[in-house]
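> I'd like to go over a predicted model; first the sequence, then the structure.
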Amino acid sequence: MKLFFNIDLNHNDKELSLSDSEHNHLTKVLRKKVDDIVYLTNGKGYLFEAVIVQINLKDTKLEILSSLKKPKMNYCLNVAISPTKKNDRFEWFVEKAVEIGVSSITPIISTYTERKTLNYSRLNKIAVSAMKQSFQTYLPVINPIIDFKDYLKTNQSSNNYIAHCNQSGKNHLSRCIEKKSDSNIIIGPEGGFNNDEIKLAMNFNHIPVSLGSNRLRTETAGIVSCQIFSDFNN
């Protein structure tokens, strides 16, 4: 079953016109025909069932048959993560994090961060594609990039963690999570966090955690974190 996306779709809409990439995918890749059933989401929780009523050269006309608001995940997770040096690695993280389950992603700039700009248009397209692939109806938010210190001051999560590679006393993340909670975990760059950053995060009530005995790349650490939260809450 394929899921299509239209951010402007409202729960009380009766019809919709799909154009551009969604129209092309529907008609040229999947070869859907008039009277075929189509499922859509607006990324705001709603799942729509529609029927194709007309296929034109540049758009497909749909009649909305029903709408249902799906429940959110039973936990809320923000991953604050340093952008990787190579764009494709960060894009891979966004794709897999959305598929596994994440509420929002916040790129952060710390001392050893090597990339400080991101293509948000492309990242959002990747997030939409991953949401559709995993048949979810909530599109995670990709927040603007922010300095590490500023993020600590503005973060509003109830349960906060910082994953770092120092060998000081840390518990594995799975032993620290509070079930069905509003949580935030911070993942550092390839060079990790320096001692001052770790201390500062702890001063802002971030619990230092381990993700296992292996040293992980930034994007891998982000994925592992998402999976740990998912396993714990499902």
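Thanks, I have the structure now.

> Name the single longest helix found in the protein.
helix 218-233 (DSSP state H).

> For that one, which helices and strands make contact with it?
Applying 3 or more C-beta pairs under 8 Å, 6 or more residues apart in numbering; DSSP states H and E, we find helix 218-233 packed against strand 76-81, helix 87-100, strand 182-187. For glycine as for every other residue, the C-beta is placed from the backbone atoms N, C-alpha and C.

> outside of the very next helix or strand once past the second one, which residues touch it?
What it means is helix 87-100. Next along the chain after helix 87-100, taking DSSP states H and E as the criterion, comes strand 104-109. Outside strand 104-109, the residues that touch it by C-beta atoms under 8 Å, 6 or more residues apart in numbering are 77-83, 90, 94, 97, 116, 118, 140-148, 151, 186.

> Kindly give a single ChimeraX line that selects the buried subset of those.
Selecting only the buried members of the contacts of strand 104-109 in ChimeraX, with burial defined as 16 or more other C-beta atoms under 10 Å, works like this:
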select :77,78,79,80,81,82,83,90,94,97,118,140,142,145,146,148,151,186
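
> Please compute how far stretch 16-24 lies from its chain's middle.
Distance of stretch 16-24 from the chain centroid (C-alpha atoms, centre = their mean, to the nearest Å) equals 24 Å.

> pull the CA atoms of it into CSV?
Extracted in CSV, the C-alpha atoms of stretch 16-24 (Å, rounded to 0.1, in the frame of the first residue of the first chain):
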residue,chain,number,x,y,z
LEU,A,16,-8.0,17.2,-4.2
SER,A,17,-5.8,17.7,-7.2
LEU,A,18,-2.4,16.0,-7.2
SER,A,19,0.3,17.4,-9.4
ASP,A,20,4.0,17.4,-10.0
SER,A,21,5.9,14.4,-8.5
GLU,A,22,3.0,12.9,-6.7
HIS,A,23,0.9,12.9,-9.9
ASN,A,24,3.8,11.4,-11.9
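
> what mean pLDDT does it have?
Predicted confidence along stretch 16-24 averages 93 (mean pLDDT).

> If anything else comes up later, I'll come back, but that's it for now.
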